[in-house]
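Student: Predicted model follows, preceded by the sequence.
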Amino acid sequence: MGNDEIINEGSQPEVEKLRRILRNLLIIFISILVTLSLIIFILFLVPVLKEVTSGQRTVITNNLELKQDASYKKKISLMTRNIQLLSRKYSAYTSGQSYIVINTTDNRFFLYRNKKLIREGFCSSGSYTMLQTEGDKKWIFKTPKGKYWIHGKTTNPVWKKPDWAFVEEGLPIPSKDDFSRYEYGVLGDYALAIGDGYLIHGTIYKRFLGMPVTHGCVRLNDEDLEVIFNTLSIGSKVYIF
Amino acid sequence: METEIINNTSGIKKTFIILIIIFSVFIFYYAIMSMMSPARKLSAINNEFSVNPVENTLVDERIFSDSTYLKLLKEKAFLQSRIVMAETDSIYLTINLTDSTANIEISGVVVHKAKMSSVQTSKILIKGDENIILSMLSSPFTISNAYATIRKEPVMIKMAPKDTTEYKPDIMPDTSIVEPVNYILEMTNGTRIYVYQEEKEKFSDRMNLFIFNIKDRLRDTWSSLKSVALLKVPEYHPFIKMRLPRADAKIIYRAIPRYGQVGIYR
């Protein structure tokens, strides 16, 4: 009996200590739970609550009596005519001529004649490489996006190498009309100029078709290039996106 | 000594309780203010785009809720918006919520079509007055800001070699890397277009989307908290959330200009 009392007295502070630890743990746990609930409430519930907003939704009617009204008929016919005009105006934007669409993200082309797709395939477009010299000169090799048109068509084109072609290979830049600037046979059999020095041409690097590897021009394989060359004429639209 | 400890503990408890009350009141206030924001936005839209009362008197007012009239008005609004964009000569995006498509167009020519697998629209764009919302949609929206998990222009910097010995020919680009594509296009009128990739086959895709969403929610909450602290109703952003195939989502993001235009048909 006496021994038991001594044991009980000795364990009393221990139990108290354990209780305090448990209480602290509970407080920490509740605090974390409350904080998490608050975060969830603010980040997730409030946006949901915002959407439970009331708005005055238009009650759409189909009143037959109204449809017989002269002013109604007049308004509807005026509107229909307006829409027809707008629709005609919008359709006129789509060229009835042949045109080409170039997708620079997927490196694919789509050739259209009379608004119908007649050929599609792979191409190569700008690599998005920025060539930088120590002298702070920069060239960015990207294919321009937007609406362009064919400015000129050439057979057996010769590439007149621009400055960056020399800089890229660590070569000194020659004079403007130096013979080293002219390279034969690298652009394929045909080239179509789309302005600002950009061309649609052939390539000797056929394994790169479908990849963004060019200096801004659009490269195609020989067969596709021939069809495009024969389908598009000067003035044909080129849509690049 | 014991009484002092008890007093201290009860003091801490009191402060703690007071802080909790203040905090709870603030959160409640924040929630109320946030819930008021859509109504405020709707009223701002109503003020900006409401139909002229003079126009109203010309025809029977019942026409403004007539199904045929509203159908025609929808067509007209979308065409008007597309014509404005086509005349700019720039690349633009058209979103058709009725047939769940997102198209890239250049000068009136659809150059790319994408099918949405799911689309969710803010209540304000559905519940608002048809005539007012269609009036708003008759002009294109202009992008003012974008948040994305991919770069708009993946530019790589290459230093020019000093001479031919330093020259290294270009290697074939690594096309096996597939980055998750999720982005938000914020319009000048506050509307946000969320584009998420449809594919969620990998854990990293899900994780990326989760982090992207949390970042967006934190950004939004922070700006709302700042407004509420200044006793202002936070700004509400009407939204369109869509899921597109990854390839299409990427094409759209890379194609449209930084401050490009968007036309919506609903």
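Tutor: Sure thing, it's come through. Numbering: from 1, shown residues only, chains lettered A, B, ... in the order given.
Student: Counting neighbours, what do you get for the residue of the stretch 51-200 of chain B found nearest chain A?
Tutor: Here the residue of the stretch 51-200 of chain B nearest chain A is B:Gly108; by Cβ to the nearest Cβ that distance is 2.4 Å. The C-beta positions use only the backbone N, C-alpha and C, and glycine is treated the same way. B:Gly108 has 18 neighbouring residues, counting by other Cβ atoms under 10 Å in any protein chain shown.
Student: same deal with B:Ile17?
Tutor: Applying other Cβ under 10 Å, we find 10 residues neighbouring B:Ile17.
Student: on contacts alone, who are the packing partners of whichever strand or helix holds it?
Tutor: Secondary structure from DSSP states H and E places B:Ile17 in helix B:2-49. Where contact means 3 or more Cβ pairs under 8 Å, 6 or more residues apart in numbering or on different chains; DSSP states H and E, helix B:2-49 is packed against helix A:46-51, helix B:123-127, helix B:130-137, helix B:203-229.
Student: residues contacting the most centrally placed residue in chain A?
Tutor: In chain A, the residue lying closest to the centroid (Cα atoms, centre = their mean) is A:Thr105, at 6.8 Å. Applying Cβ atoms under 8 Å, 6 or more residues apart in numbering or on different chains, we find A:Thr105 in contact with A:241, B:247, B:250-251, B:254-255.
Student: Which residues belonging to the helix or strand A:Lys89 falls within are considered buried?
Tutor: Here A:Lys89, judged by DSSP H and E, is contained in helix A:70-93. By neighbour count with 16 or more other Cβ atoms under 10 Å in any protein chain shown, helix A:70-93 contains the buried residues A:72, A:75-76, A:79, A:83, A:86, A:90.
Student: quick one on the thing from earlier: save the contacts of A:Thr105 as JSON lines, and put in secondary structure and neighbour count too.
Tutor: What follows is these, written out as JSON lines (DSSP: H, G, I helix; E, B strand; the rest coil; neighbours: other Cβ atoms under 10 Å in any protein chain shown):
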{"residue": "A:Phe241", "secondary structure": "coil", "neighbour count": "22"}
{"residue": "B:Ala247", "secondary structure": "helix", "neighbour count": "17"}
{"residue": "B:Lys250", "secondary structure": "helix", "neighbour count": "22"}
{"residue": "B:Ile251", "secondary structure": "helix", "neighbour count": "23"}
{"residue": "B:Arg254", "secondary structure": "helix", "neighbour count": "21"}
{"residue": "B:Ala255", "secondary structure": "helix", "neighbour count": "23"}
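Student: for those residues, which one is nearest B:Thr221?
Tutor: B:Lys250 (28.4 Å; Cβ to Cβ).
Student: which helices and strands does the helix or strand hosting B:Ile240 pack with?
Tutor: According to DSSP H and E, B:Ile240 maps onto strand B:239-244. If you count contacts as 3+ Cβ pairs under 8 Å, 6+ apart, strand B:239-244 packs onto strand B:118-121, strand B:192-197.
Student: B:Tyr147 in helix, strand or coil?
Tutor: strand (DSSP: H, G, I helix; E, B strand; the rest coil).
Student: ok, for it, nearest residue in space, not its chain neighbours?
Tutor: B:Ile184 (4.6 Å; Cβ to Cβ, 6 or more residues apart in numbering or on different chains).
Student: ok, how many other residues are close to the one you found?
Tutor: B:Ile184: 21 neighbours (other Cβ under 10 Å).
Student: Of the buried residues of helix A:70-93, which are in range of chain B?
Tutor: Of the residues in the buried residues of helix A:70-93, proximity to chain B by Cβ under 8 Å from any Cβ of the partner chain holds for A:72, A:75-76, A:79, A:83, A:86, A:90.
Student: Find the least confident helix or strand in chain B, judged by mean pLDDT.
Tutor: Every helix and strand of chain B was ranked by mean pLDDT, DSSP states H and E. The lowest is helix B:53-58, at a mean of 55.
Student: Low-confidence bits of chain A, can you list those?
Tutor: Residues of chain A that meet the criterion pLDDT under 70 lie in A:1-11, A:53-57, A:95.
Student: quick one, what contacts the residue nearest to B:Tyr147?
Tutor: B:146-148, B:192-195, B:216.
Student: among those, which ones are buried?
Tutor: Counted by 16+ other Cβ under 10 Å, the contacts of B:Ile184 give B:146, B:148, B:192-195, B:216 as buried.
Student: Verify the stated contact: B:Met85 with B:Tyr92.
Tutor: Yes. Counting by Cβ atoms under 8 Å, B:Met85 touches B:Tyr92, with 4.3 Å between them.
Student: who touches both of these two?
Tutor: B:105, B:140, B:261, B:263.
Student: Redo those as TSV? Include neighbour count, pLDDT and distance to chain A.
Tutor: Shown next, in TSV, are the shared contacts of B:Met85 and B:Tyr92 (neighbours: other Cβ atoms under 10 Å in any protein chain shown; pLDDT from 0 to 100; distance: Cβ to the nearest Cβ, whole Å):
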residue	neighbour count	pLDDT	distance to chain A
B:Glu105	24	97	9
B:Pro140	22	97	13
B:Gln261	23	97	13
B:Gly263	26	97	11
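Student: Which pair of the residues you listed spans the longest distance?
Tutor: B:Glu105 and B:Pro140 (11.1 Å).
Student: okay, and the common contacts of those two?
Tutor: Contacts common to B:Glu105 and B:Pro140, judged by Cβ under 8 Å, 6+ apart, are B:85, B:92.
Student: Which residue lies closest in space to A:Glu168, excluding its sequence neighbours?
Tutor: Per Cβ to Cβ, 6+ apart, closest to A:Glu168 is A:Leu131, 5.8 Å.
Student: Contacts only, for the residue in chain A positioned nearest to chain B.
Tutor: Going by Cβ to the nearest Cβ, chain B is nearest to A:Tyr93 of chain A, at 2.4 Å. Residues near A:Tyr93 by Cβ under 8 Å, 6+ apart: B:86, B:107-109.
Student: what about the most centrally placed residue in chain B, distance to A:Ala92?
Tutor: In chain B, the C-alpha closest to the average C-alpha coordinate belongs to B:Arg192, at a distance of 1.6 Å (Cα atoms, centre = their mean). Going from B:Arg192 to A:Ala92 by Cβ to Cβ, to the nearest Å gives 33 Å.
Student: same check, this time on B:Ile214
Tutor: 47 Å.
Student: now swap in B:Ile193 and tell me
Tutor: B:Ile193 is 28 Å from A:Ala92, by Cβ to Cβ.
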